[in-house]
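Student: Next come a sequence and a model predicted from it.
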2 protein chains.
Amino acid sequence: MGSVASSGAGGVSRGRVDKRQAILDAAFAVFARRGYEQACVQEIAQEARVAKPTVYSHLNDKETLFRHTIDAAADILMAENLAVVERLRDRAPDDDVRVAFADLAQRLLRICCGERARALRWLTYAQVARFPDLIETVQERTAHRPRAALADRLARLSLAGRLRPCDPEQAAEHFFALLTGPLESRSRLGTRSVPAAELRGMADAAVDAFLRAYGSD
Amino acid sequence: MGSVASSGAGGVSRGRVDKRQAILDAAFAVFARRGYEQACVQEIAQEARVAKPTVYSHLNDKETLFRHTIDAAADILMAENLAVVERLRDRAPDDDVRVAFADLAQRLLRICCGERARALRWLTYAQVARFPDLIETVQERTAHRPRAALADRLARLSLAGRLRPCDPEQAAEHFFALLTGPLESRSRLGTRSVPAAELRGMADAAVDAFLRAYGSD
DNA sequence: ACGCTACTGAACCCATGGGTTCATCCTAAG
DNA sequence: CTTAGGATGAACCCATGGGTTCAGTAGCGT
């Protein structure tokens, strides 16, 4: 996690090491396990091994702190998702489409099950009322952009006759729906950790259904 | 929304009017617009036109109040969902399957878009950390039970050759996923009201995909 | 050596809100 | 009419936590 520089005994890292990053890391951890209102700045400061006024000197207030952590998490998740989708670019044209999709599905599910994704979904949903604009940011990066990237791949596959002619946006939307819908349900909104085998089963079932709906033949 | 219906006959209406129901109605309204932590008991009391101590005399504390309102909302939604699914029992055998499904899909989407469903999803998600057991109750009634009911109908249709042979549970899971996944995305977690035309389009698209994946032919 | 800047810790201010107390009021029952 | 018990409202207690102040301290560049 954070860069916990410093040597042992009585001393804490007094240097100007990047306290800021330590604070943001700690903030995400604390927000993730307590939620926005329940997380107190004091606890975040402790977790970051930093004094409370230091937190306020780097980030103006609790809200700013929250927005930065959410932003950062959304960025990372977007990158992860896009990277997974982009694998299709090289694999799909040559390999069996089903195999490529199954691989994609499993990797996406693993990301969605991860701690970061869980915490982000949870925090975003919980603060819908207080910070409605956050939803735009988060959904844009964790849902719309990856979906658009997938739509690009699907369009190519459709053109190449590997999928039936269709609206790629629609197909991508349904692909994600078939994957994440069951996940939400089976993980009980993230409160239950789904065994790897079940995850694999869900991925395969989703790909099966998707290919029956959108595959060629 | 809340009819203050005092149920004059047979009820155990303590006091003059049924304050208790008024309190629960008000609690749902306030929780729905403020969230759990932001909702203060004072405001609930005002909205119910009741004094704060009266609230505490009927419901022990804020948590009890919350659990009761969530329970009640989940019950109502379950009933609505089950009623819609049960329509298949009479319609599907005779009519065109596609027409019956399209009707089902639209009615389900309308329920999911409703104020009650929106508020319930939001509140449940937001309190995942504080009241993890609530998820069980809510998901059981608003997701699992309706899905099981749909699976029953799909099993019959499959047996009758109107759907391809399949695992009805799986098919039902995918049906709901195709419906609610896109809804979550397009309504921005319920912060944007989706126009009726778009709703209809989503329902039709979901049914199209579902029938390609699970229809007979 | 000097001063600038970041950091610390602890105390402090203050608003919010859960939950309670109490004297009083009002209505339904007898 | 009397009475009992739910209902009232206003004051009250107290814990929590956001945000600030301040005096002191440690490192770094010059």
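Tutor: Looks like it came in fine. Numbers count the residues shown, from 1 in each chain, chains lettered A, B, ... in the order given.

Student: Now do the helices for chain A: every range, in order, please.
Tutor: A:19-34, A:41-47, A:52-58, A:62-91, A:97-113, A:115-126, A:132-139, A:145-159, A:168-186, A:196-214 (DSSP state H).

Student: Does chain B have contacts with the fifth one?
Tutor: This points to helix A:97-113. No - contact of helix A:97-113 with chain B (Cβ under 8 Å from any Cβ of the partner chain) is absent, the minimum separation being 12.2 Å. In short, each C-beta sits where N, CA and C put it, glycine included.

Student: tell me the angle of that helix relative to helix A:62-91?
Tutor: 170 degrees (axes from the mean of the first three to the mean of the last three Cα atoms, to 10 degrees).

Student: Could you list the residues in contact with helix A:97-113?
Tutor: Residues outside helix A:97-113 that contact it (Cβ atoms under 8 Å, 6 or more residues apart in numbering or on different chains): A:77, A:80-81, A:84-85, A:87-88, A:91-92, A:117, A:157, A:162-163, A:176, A:179-180, A:183, A:187, A:193-194, A:199-200, A:202-204, A:206-207, A:210-211, A:215.

Student: Same check on stretch A:46-63?
Tutor: So stretch A:46-63 is contacted by A:2, A:4, A:12-13, A:19-20, A:22-23, A:25-27, A:29-30, A:41-42, A:44-45, A:65, A:68, A:131 (Cβ under 8 Å, 6+ apart).

Student: same thing but 6 Å
Tutor: The contact list for stretch A:46-63 (Cβ atoms under 6 Å, 6 or more residues apart in numbering or on different chains) reads A:Val12, A:Lys19, A:Arg20, A:Ala22, A:Ile23, A:Ala26, A:Val30, A:Val41, A:Gln42, A:Ala45, A:Leu65.

Student: does that stretch come close to DNA strand C?
Tutor: Yes - for stretch A:46-63 and DNA strand C, the contact criterion (Cβ under 7 Å from any atom of the strand) is met by A:Arg49, A:Val50, A:Ala51, A:Lys52, A:Pro53, A:Thr54, A:Ser57, A:His58.

Student: start to end distance for that stretch?
Tutor: Taking Cα to Cα, to the nearest Å, stretch A:46-63 runs 18 Å from one end to the other.

Student: residues from chain A in reach of chain B?
Tutor: In this structure, chain A approaches chain B at residues A:35, A:37, A:122, A:125-126, A:128-129, A:132, A:135, A:143, A:170, A:173-174, A:177-178, A:181-182, A:185, A:188-189, A:191, A:205, A:209, A:212-213, judged by Cβ under 6 Å from any Cβ of the partner chain.

Student: try 7 Å
Tutor: Counting by Cβ under 7 Å from any Cβ of the partner chain, the residues of chain A lying close to chain B are A:34-35, A:37, A:122, A:125-126, A:128-129, A:132, A:135, A:139, A:143, A:170, A:173-174, A:176-178, A:180-182, A:185, A:188-189, A:191, A:205, A:209, A:212-213.
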